[in-house]
Structure formats: C-alpha cells, structure tokens
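1. just the structure for this:
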Amino acid sequence: MDKGPVSEKSAAIRREVLKGLVLVGVLLLLMMWLSGVFIKKVNPGPAAQKVKYDGLKTWKAVRTSYPLIIEQPGTVRAKVEAQLSSRIMAQVKEILAREGENVIGTAGSGKPTLIARLDDREIRARIRQAEAQVAAADRGIQVAKAKSSAAIAQTVSAKASSANASTDFRRFQALAESKAIAGQQLDHSRAQRDIADAQLKAAQQESQAEQGEIERATAQQESAKAALAEIQTMLTYTEIYAPFDGKLIKKMVDTGDMASPGQALFLVETNRQPEFHVYLSESILPHVEVGQEFDVRIDALNRSFTASLAEITPQSDPGTRTVLVKLRLPPAPQLVNGLFGRLPIPSGEYEALTVPANSIQEIGQLYLLRVLDGQGYLQRRFVTLGKKHDSMVEVLSGLRENEEVIIP
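-> Have a look, this model is predicted:
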C-alpha cells in the first residue's frame, strides 16, 4: 500500500504544531520580560532623614477679604446708527461712497455726502406728464375766465334791456289806463318786458355756470400742482444722502441691483458716542444704578475704558431673565462697533487663602510651593492657584490656613 500522502499530511501537522509551540514560547518570554524577571532589582534601603531648615524667610498663609467681582460679557455699539433704505422701487444706478469712508450728514455744517443714486428716468417722465397737466389746467382756467367775462357782459346787457323793457311797459300801462293807446300795444310791451326778464335770468344762470367752471378748473389746477409736487418729491428719493456725520460701515447692494421700499441698502454709524451694551441677570441688577462708573475691559485693544451707566431698559427677557444695560463710553476712534468687552461688577466680598506670588515655583503647567510643616521640616506641595491680586495670589487647594511657605 502506498503511504506517501499520509506521510506528507503528518509532516504538515507537525510543522503547524511546532509553529504554535514557538509562538507560545515567544509570548511567555515577552510576558516575563515585561514583568521584570530579567531585570536586576535594587533592594530597598532606609528612608532619607528629614532635615530641619532654620533661618528661612517664610510667610504665613492667611485668609484675606477681597471684593467679589462678577465679569459680564458685552459688546461695543454705536449710540447713533441708521440703516438707509429706499422709499421707491428703482434700480441702483451709481454708488458714490465706499465702506469705511467718512460721510457728512444732511444736518452737518458741510455739504452732505451723496452715497448713491437710483434710476430716475420713470419719475422724470411722470414729472413731464404732471407739468403738462398743470399747463392744461392753467389754459382751462383762462378759457373759463374768458367765458365768465363774456357771461358777465351779457348779464349786464340783459339787465339793461330788462330795465328798459320794464320802463316801457309801465309807460304803456299808464297810457292804456288813459285810453291813449290800444290794448294791443300794451300787450306787445308786456311781452317785450317778459322776454327781457327771461334773457336776464338766462344770462345770470350762464354767468353762474361759468363761475362754477372757473372753480372746477382751479380745483383741477390745484390737483395737478399737488401731483407734480408729489412726483418732484419722489425725485429727491432717487438720491440717498448720509443722515448724519459718521462712517459708512456696510453696503448691502451693488450697482444694478433693484432697490425696494424699506430694503436696507447701507449702514451708517457714528463713533462719537460709543456705548457698551451688556445683558445682566436679574440677580445682579441690585448692584448697579444709573450714573455708576465702571472700568470696561476691551480685550481686542488690551485696555480699559471708564464708562458711566446711562440706561437700564425697563424690560426683562422672559427667556434668559436678563435686562439690557447701556453704558456710555468715552469717544475714541478705536472703539468700533461690535468689539467684545467685559464689565466687572462688584457684588460683595469673599475670603481667599493668599500667598506671595514670588513664592510659587512653576514647573511646566504645575505650580509648586515649599512649605514648613509643624516640626520645621521642608515639604514640597503642588497647589492650585486662583486670581492674582497685585503681589499676592490665591491658593485654591494644596495649602492650609496658617501654614508657612518659603519666600525668596
């Protein structure tokens, strides 16, 4: 019987078993090396003896009272700022001012700055149309006045004719009573009188009608003039001027954009009266009052400004339970809108364990103190520090009250 394949299979099994044993042996050696079996150990010796230190300069850690300052974040805001918008719908034709450019307002002493022009072709066409309507109304008044003058003249003539006819009738009536004329002549005189009276009445009515026509034409003229004045006023809306002296901070449109009524186009503000706006919680409000002065810290400028509390808005936000407080900052060109700042508010006192700042040794991000224990032996303590007060610093943990620390 041929045993060749069986022998090859057995050899393969032996090789796999051998690999497994080698791997187990390597793992055992690695575990023994990690546990320190192959490292020579040092036998423990006696503890180092403590040494007393005499004559060192020390400081006894005591608790000191400091004012409790609560810092509230806030923002620099311009007291006077305006969003310029269009009163009409028109295309932006030209922008004449750049962002960051100083502008002069319409109430200033100099020539006001024209910021932008809007397309005025449609409004000018309407002005020409309104002017034509005013001219037509003027001509209508002239025609009505001429007709009225003719009606008045006709009324005067009719009045004279009526008076003559009445006189003739009375004369013929007297002659008829004396039988000097025939009754036919009296009837003819009466008819002439009645015709003259009717003509006078018609002339008077015509005169009144022409006077009413003058009044109607005058009303049309006033309406046309009012429409013209309105459109001329709309023409001024196509030029956007700076409302006050300040700086153009932002433009929200470009040439060719369509401006709609009420749409914000430009933002203008002045830094002559900067303010600091901060939202204070309701619990802090009793510690502040109008007129109180604070040192507002502006981080970006790395300096503080003395600010006076100008206004406490009489409304609390029900969502955050905070109230907006406004402080008046001194005029400064570097106090631009949007700068972040901090408002320190004194709200009582607190006690803290303090030591001289020069007694702290800094090792990386750790702080170390050298302390004498009750037997006069030197110890090294890692401590956690708090706020710094001039030459002193608060120790939050790692030190007890009345312990002595070594100072240089």
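2. max-length helix in the protein?
-> Among the elements of type helix in the chain, defined by DSSP state H, the one spanning the most residues is helix 121-177.
3. after that helix comes which helix or strand?
-> Scanning forward in sequence from helix 121-177, with DSSP states H and E defining helices and strands, the next element found is helix 183-236.
4. any idea how far that next one is from the chain center?
-> Distance, stretch centre to chain centre, for helix 183-236: 60 Å (C-alpha atoms, centre = their mean, to the nearest Å).
5. what's that helix packed up against?
-> Contact here means 3 or more C-beta pairs under 8 Å, 6 or more residues apart in numbering; DSSP states H and E; on that basis helix 183-236 packs against helix 121-177. C-betas here are computed from N, CA, C, even on glycine.
6. which strands or helices does the helix it packs on pack on?
-> With contacts defined as 3+ C-beta pairs under 8 Å, 6+ apart, the secondary structure elements packing on helix 121-177 are helix 183-236.
7. hmm, 10 Å instead?
-> Based on contacts counted as 3 or more C-beta pairs under 10 Å, 6 or more residues apart in numbering; DSSP states H and E, the elements that helix 121-177 packs against are strand 90-95, helix 183-236.
8. next, the buried residues of the shortest one.
-> The neighbour-count check on strand 90-95 (16 or more other C-beta atoms under 10 Å) flags Ala90, Val92, Ile95 as buried.
9. residues making contact with it?
-> For strand 90-95, the surrounding residues in contact (C-beta atoms under 10 Å, 6 or more residues apart in numbering) are 86, 114-123, 234, 237-240, 248, 251, 253-261, 265-266.
10. let's go with 7 Å and repeat that
-> Ala116, Arg117, Leu118, Asp119, Thr238, Lys251, Val253, Thr255, Gly256, Asp257, Met258, Ala259 (C-beta atoms under 7 Å, 6 or more residues apart in numbering).
11. I'd like the mean pLDDT over the longest helix of the chain, please.
-> When pLDDT is averaged over helix 121-177, the result is 82.
12. that one: how far from the chain's middle?
-> For helix 121-177, the distance to the chain centre is 63 Å (C-alpha atoms, centre = their mean).
13. now the angle between strand 90-95 and it, please.
-> Helix 121-177 runs at 120 degrees relative to strand 90-95, counting by axes from the mean of the first three to the mean of the last three C-alpha atoms, to 10 degrees.
14. relative to Leu68, how far out is Met258?
-> Met258 is 57 Å from Leu68, where distance means C-beta to C-beta, to the nearest Å.
15. with Ala352 instead?
-> Applying C-beta to C-beta, the value for Ala352 to Leu68 is 10 Å.
16. do Asp138 as well
-> Separation of Asp138 from Leu68 (C-beta to C-beta): 81 Å.
17. counting neighbours, go ahead and name the busier of these two.
-> Ranked by neighbour count (other C-beta atoms under 10 Å), Asp138 and Leu68 place Asp138 first, with 15 against 12.
18. what is the burial count for the residue nearest to that one when sequence neighbours are not counted?
-> Taking C-beta to C-beta, 6 or more residues apart in numbering, and ignoring the residues beside it in sequence, Asp138 has Gln221 as its nearest neighbour in space, at 6.3 Å. When neighbours are defined as other C-beta under 10 Å, Gln221 has 19 of them.
19. pLDDT at Gln221, what is it?
-> pLDDT, the model's per-residue confidence, is 84 for Gln221.
20. next one: stretch 279-296 to chain centre, how far?
-> Put simply, stretch 279-296 sits 23 Å off its chain's centre (C-alpha atoms, centre = their mean).
21. CA-only coordinates of that stretch in PDB, if you can.
-> Taking Å, rounded to 0.1, in the frame of the first residue of the first chain, the C-alpha atoms of stretch 279-296 are listed here in PDB:
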ATOM      1  CA  TYR A 279     -27.200  91.800  29.400                       C
ATOM      2  CA  LEU A 280     -27.300  91.400  33.100                       C
ATOM      3  CA  SER A 281     -29.100  88.800  35.000                       C
ATOM      4  CA  GLU A 282     -31.900  89.900  37.400                       C
ATOM      5  CA  SER A 283     -29.800  88.900  40.400                       C
ATOM      6  CA  ILE A 284     -27.100  91.400  39.500                       C
ATOM      7  CA  LEU A 285     -29.300  94.400  38.900                       C
ATOM      8  CA  PRO A 286     -29.500  95.500  42.600                       C
ATOM      9  CA  HIS A 287     -25.700  96.100  42.400                       C
ATOM     10  CA  VAL A 288     -25.800  98.600  39.600                       C
ATOM     11  CA  GLU A 289     -27.500 102.000  39.200                       C
ATOM     12  CA  VAL A 290     -27.700 104.800  36.700                       C
ATOM     13  CA  GLY A 291     -24.700 107.100  36.900                       C
ATOM     14  CA  GLN A 292     -22.400 104.500  38.400                       C
ATOM     15  CA  GLU A 293     -18.900 104.300  36.800                       C
ATOM     16  CA  PHE A 294     -17.200 101.100  35.700                       C
ATOM     17  CA  ASP A 295     -13.900 100.100  34.100                       C
ATOM     18  CA  VAL A 296     -14.900  98.300  30.900                       C
END
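22. could I get the buried residue list for that stretch?
-> Neighbour counts over stretch 279-296 (16+ other C-beta under 10 Å) mark Tyr279, Leu280, Ile284, Val288, Phe294, Val296 as buried.
23. how many residues are close by Ala61?
-> Other residues within reach of Ala61, judged by other C-beta under 10 Å, total 21.
24. is it true that it touches Val355?
-> Yes - in this structure, Ala61 is within contact of Val355 by C-beta atoms under 7 Å, at 5.4 Å.
25. shared neighbours, these two?
-> Listed contacts common to Ala61 and Val355 are Val395, Val405; contacts here mean C-beta under 7 Å, 6+ apart.
26. give me the phi and psi angles of Asp245.
-> Backbone geometry at Asp245, expressed as degrees, to the nearest 10, gives phi -70, psi 130.
27. list the buried residues in the strand ranked longest in the chain.
-> Taking DSSP state E as the assignment, the strand of the chain that covers the most residues is strand 62-85. By neighbour count on 16+ other C-beta under 10 Å, the buried set for strand 62-85 is Gln72, Gly74, Val76, Arg77, Ala78, Lys79, Val80, Ala82, Leu84.
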